[in-house]
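Asks: generate a structure from the sequence data that follows.
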Amino acid sequence: MDFNFTDEQNMIRDSLSRLIREQYDFETRRAAVNSESGWRPEMWAQFAELGLLAAPFSEDDGGLGGNAVDAMVVMEEFGKGLVIEPFVPSVVGGGGFLKHGGSAAQKEEYLAGIIGGEMVFAVAASEPQSRFSMSDVTTTARANGSSYVLNGHKAVVMGAPWATHLVVTARTSGNQRDTDGISVFIVPKTASGVVTRDYPTVDGFRASEVYFENVEVSGDAMIGEEGKGLPLVEKIRDEMIAATCAEACGAMQVLHAQTLEYAKNRKQFGVPISTFQVLQHAMVDMFVEHQQSVSMTYQVTLRLEEDAVTRMKAASAAKVQIGNSGRFVGQNAVQIHGGMGVTDELAASHYFKRLTMIDSQFGNVDYHLRRYTELSGSELAAAAE
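Replies: Numbers count the residues shown, from 1 in each chain. Okay, here's the model as predicted:
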């Protein structure tokens, strides 16, 4: 297995690192987070101009011929800068649904807009009662001639305040928790009957509660086969997990570096606190946790195209590692910084908040431990047969 990056991927990393360093410093980000819109549309346009939004797509789809590794490279750099723009919801999520399940007509209609930054997609799959289960769906899509009428409520839809389109899961048949009967639709956010309640999240991002009240969409808006959408939903979620794990790795790297620098400059009893052995051990452990997270992120990224069980196990294993490591790195960073480590004026607190929220996105540690155990048990049962 080759772990070397291509020349193109290294170029993306270098140019993006320079861009974030020069135009996405902490105070600039803070101002964007506190602005009315909560993001920088001009920066999103610049990402598109640099080809970042095209990086994970094949040349046939209008992209640069990349894959999930390219998305990983981008998201690791985004994690270092705590970038708030919706790369995962729009490019990995919305673009992923089209890439893996969209018809030729849907790709032609939407992919160029996603790659060019003119269209922003958000994935509306979670509901208030569903917790982390993608099959617990009460939103309904009732056939009405050649159209469908959607009714329901989607919760914590990341990036939805900035979205032009929503990818919505809805039940076209079956009961609330059935694995069959789930369909996927592309819904313009401006469609009649779509109501959103937008709000900031703890880590500086934006999300929405989205309500569908007799929203009518054409049959052409359905992605894939009616009632058979769950495997595609789970595949895209795992791809979004892999990209978010890469973001967490970037955030952990910077948080560890900031903590190390602070410990070298902060003095107690006339000496830098970095000379205290207990703090040295903590900072070494932070480094180890980051490195383990990088390894697990590589693993899940490289397994995304394997069979469903292998992919899902890799995603859950990585999510457990990231959740535990992010908590460890964040808590130790705050501990070493002292009380100022949780103030809004210090960048460390914002990295800590983001790592804490990442643990809850797409399933927390407890959820993914259960999922990994269940998947391993099913493999053992199949082997025994």
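Asks: centre of the chain versus the lengthiest helix in the chain, how much separation?
Replies: Criterion DSSP state H: the longest helix present in the chain is helix 230-265. In terms of C-alpha atoms, centre = their mean, to the nearest Å, the centre of helix 230-265 is set 9 Å apart from its chain centre.
Asks: residues of that helix that come out buried?
Replies: 230, 232-256, 258-260, 262-263 (16 or more other C-beta atoms under 10 Å). For glycine as for every other residue, the C-beta is placed from the backbone atoms N, C-alpha and C.
Asks: could you name the helices and strands sitting against that helix?
Replies: If you count contacts as 3 or more C-beta pairs under 8 Å, 6 or more residues apart in numbering; DSSP states H and E, helix 230-265 packs onto helix 68-81, helix 95-101, strand 182-188, strand 271-272, helix 277-302, helix 308-337, helix 347-360.
Asks: now do the last one: which elements does it pack against?
Replies: For helix 347-360, the contact count by 3+ C-beta pairs under 8 Å, 6+ apart identifies helix 26-33, helix 230-265, helix 308-337 as packing neighbours.
Asks: in CSV, list these along with distance to Ser360 and mean pLDDT.
Replies: As requested, these are exported to CSV (distance: least, C-beta to C-beta, whole Å; pLDDT from 0 to 100):
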stretch, distance to Ser360, mean pLDDT
helix 26-33, 19, 95
helix 230-265, 11, 97
helix 308-337, 9, 97
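Asks: any idea which of these gets closest to Asp61?
Replies: Minimum separation from Asp61 across these (C-beta to C-beta) falls at helix 230-265, 14.8 Å.
Asks: partners of the helix or strand just after that closest one, with directions?
Replies: Downstream of helix 230-265, the first helix or strand assigned by DSSP states H and E is strand 267-268. Strand 267-268 sits in its sheet next to strand 271-272 (antiparallel), going by DSSP bridges.
Asks: residues in contact with the partner strand?
Replies: Residues outside strand 271-272 that contact it (C-beta atoms under 8 Å, 6 or more residues apart in numbering) are 263-266.
Asks: counting neighbours, what do you get for Ala105?
Replies: 9 (other C-beta atoms under 10 Å).
Asks: any idea which element it lies in?
Replies: helix 104-116.
Asks: buried residues in that helix?
Replies: Going by neighbour count (16+ other C-beta under 10 Å), the buried part of helix 104-116 is 106-107, 110-111, 113-115.
Asks: average pLDDT across that helix?
Replies: For helix 104-116, mean pLDDT rounds to 97.
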